[in-house]
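# Got a predicted structure plus its sequence, pasted below:
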Amino acid sequence: VSQSRYQQEAEKADVVHNHGVWLAANYYARRAAVKAGKPLVISTRGMLEDWSLGRSKMRKRVAWMLFERENLRSAKLFHATSVSEAESIEKYLSVTFTITFTKPPIVVAPNGVDVPERIPGREVVEEKFPRLKAKEWVLFMSRIHPKKGIDLLLEAWKQQLRDGRLRLRLRLRDGQEVEQEIVIVIAGADTQGYGKEVERMIREKGLGETVLMTGHVDGEVREALLGHSMFLVLPSHSENFGLVVAESLAAGRPVLTTTGTPWGATRSPIRMRMRIKEDGSDESMNLEKNGCGVICEVGGLKEALGGMLRFSDEELDEMGRKGKKMVTERFSWGLSAKKITEAYGELV
């Protein structure tokens, strides 16, 4: 999109809402907003999290000197998808700018999620991936990227295999009990070539029979993978939101994730000083307090995964029901849109 097109759109708008940091497009959006005299809102989308800031430092340093410093200084409002992300924004602005810089407020509005009316049958998955017939699966679903902690997951999975925890007793409808093998499904797009490294780790750890990489999935296959999983595991080092967590809960399945995500965040002193346009609490996103998942430190994944595998079907189903209720009540698109539009109204 040309600079002139940015300018034309900014002239017609009441607010310019820019998504992301460290991108050339952010520079054009800021210039258009300033020239048109319109307030600039920035959604950082996790790009000011500590983990992300530690990557590609030289490129970010150049971007900072060329345009990003002025972009952030020009913002009249920041948007975060969680209180944890708002804390990262506050921390970065406090460290980076002088005391004379008046930090703008931060509106916390989570990503919305659709709650499916029905889950496609598991035969949709079995037809696409025959290896999953008559098996149960634990699901990882996200980008294939080092940030997502897939290496930690594979090591934890290897430990479960050693301990003999990868078979699950299931009660069938006719009252008979059978043993079904549990496998782990790694679903997601490989946008940076990290998939080859993941495949190497799977081979070297001898996990080929109990791990299935599906690549990118969508539509009914994606919905069925989520809805018929035992639970979702997202062992990320860092997430500003982690949409797949909400999607798994919406599908009625519990989640195991890390403190690197906002789904188990706790209050810290810095939050008391922040200009957050919200009550400053992450309890609405805390999986354990809402009874729909388990949170662990990144380094504690092995123990947490073993604990999840020891839950009965009934316990997992109950956690899933609570998660679906939580998402339905607190993470609708309507609620998030209301928060954003109210913040826009205050700006204009």
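Alright, I've got the coordinates.
# show me where the stretch 1-150 of the chain has strands.
Here the stretch 1-150 of the chain has its strands, by DSSP state E, counting those that start in this stretch, at 16-19, 40-43, 75-80, 106-108, 136-141.
# Next, count neighbours for residue 7.
Under the neighbour criterion other Cβ atoms under 10 Å, residue 7 is assigned a count of 15. All C-beta atoms are positioned from the backbone trio N, CA, C, and that covers glycine.
# who touches the nearest residue to it once chain neighbours are set aside in this structure?
Spatially, and ignoring its direct neighbours in sequence, residue 7 is nearest to residue 32 (4.8 Å; Cβ to Cβ, 6 or more residues apart in numbering). Residue 32 sits next to 3, 6-7, 9-10, 16 when contact means Cβ atoms under 8 Å, 6 or more residues apart in numbering.
# now do 7 Å
6-7, 10, 16 (Cβ atoms under 7 Å, 6 or more residues apart in numbering).
# Please put the alpha-carbon coordinates of stretch 61-69 into CSV.
Taking C-alpha atoms only, stretch 61-69 is exported to CSV below (Å, rounded to 0.1, in the frame of the first residue of the first chain):
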residue,chain,number,x,y,z
ARG,A,61,17.8,-1.4,16.9
VAL,A,62,17.8,-0.1,13.4
ALA,A,63,14.1,0.1,13.2
TRP,A,64,14.0,2.0,16.5
MET,A,65,16.4,4.6,15.3
LEU,A,66,14.7,5.0,11.9
PHE,A,67,11.0,5.1,12.9
GLU,A,68,9.8,3.0,15.9
ARG,A,69,10.8,5.5,18.6
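# Would you mark the buried spots in it?
Neighbour counts over stretch 61-69 (16 or more other Cβ atoms under 10 Å) mark 63-64, 67-68 as buried.
# which residues touch it?
21-22, 27.
# Name the member of those residues with the most neighbours.
Neighbour max across the contacts of stretch 61-69 (other Cβ under 10 Å) = residue 21, 23 neighbours.
# Settle this for me: that one is touching residue 52, isn't it.
No. Assessed by Cβ atoms under 7 Å, residue 21 is found out of contact with residue 52, at 9.0 Å.
# low-confidence ranges in the stretch 151-300 of the chain?
164-176, 178, 265-283 (pLDDT under 70).
# Do a quick rundown of the helices in it.
For the stretch 151-300 of the chain, applying DSSP state H, counting those that start in this stretch gives helices covering 195-204, 219-227, 243-250.
# highest average neighbour count across the ones you listed?
Among the helices of the stretch 151-300 of the chain, helix 243-250 has the highest mean neighbour count (mean count of other Cβ atoms under 10 Å), at a mean of 25.
# Would you mind writing the CA trace of that helix as CSV?
Extracted in CSV, the C-alpha atoms of helix 243-250 (Å, rounded to 0.1, in the frame of the first residue of the first chain):
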residue,chain,number,x,y,z
LEU,A,243,-5.7,-17.5,20.8
VAL,A,244,-5.6,-21.3,20.5
VAL,A,245,-6.1,-21.6,24.2
ALA,A,246,-9.4,-19.8,24.0
GLU,A,247,-10.3,-21.9,20.9
SER,A,248,-9.6,-25.1,22.8
LEU,A,249,-11.7,-24.0,25.7
ALA,A,250,-14.5,-22.9,23.3
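# From the chain's centroid, how far away is that helix?
Relative to its parent chain, helix 243-250 has a centroid offset of 8 Å by Cα atoms, centre = their mean, to the nearest Å.
# Next: stretch 37-49.
For stretch 37-49, the separation from the chain centroid amounts to 18 Å (computed by Cα atoms, centre = their mean).
# For that stretch, buried residues please.
In stretch 37-49, counting by 16+ other Cβ under 10 Å, buried: 38-49.
# What distance separates the opening and closing residues of it?
Stretch 37-49 has an end-to-end distance of 30 Å (criterion: Cα to Cα, to the nearest Å).
# could you give me the average pLDDT of it?
Stretch 37-49 carries an average pLDDT of 94.
# Identify all contacting residues around that stretch.
Here stretch 37-49 makes contact (Cβ under 7 Å, 6+ apart) with 10, 13-22, 30, 33, 52, 74-79, 85, 88-89, 92, 238-240, 347-348.
# switch the cut-off to 6 Å
Residues outside stretch 37-49 that contact it (Cβ atoms under 6 Å, 6 or more residues apart in numbering): 10, 13, 15-21, 30, 33, 74-79, 88-89, 92, 238, 240, 347.
# Only whichever of those are buried, select them in PyMOL.
Selecting just the buried residues from these in PyMOL takes one command, with 16+ other Cβ under 10 Å as the test:
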select buried, resi 10+15+16+17+18+21+30+33+74+75+76+77+78+79+88+89+92+238+240
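# which ones are touching residue 17?
residue 41.
# Beta-bridge partners for it, please?
Following DSSP bridges, residue 17 is listed with bridge partners residue 41.
# I'd like to know how many residues surround the residue nearest to residue 185 when sequence neighbours are not counted.
Leaving aside its chain neighbours, residue 185 sits nearest to residue 137 (4.6 Å; criterion: Cβ to Cβ, 6+ apart). As a burial measure, residue 137 scores 23 neighbours (other Cβ under 10 Å).
# Surely residue 137 and residue 183 touch.
Yes. Shown here, residue 137 and residue 183 form a contact pair, counting by Cβ atoms under 6 Å, at 5.3 Å.
# any idea how far residue 302 is from residue 94?
36 Å (Cβ to Cβ, to the nearest Å).
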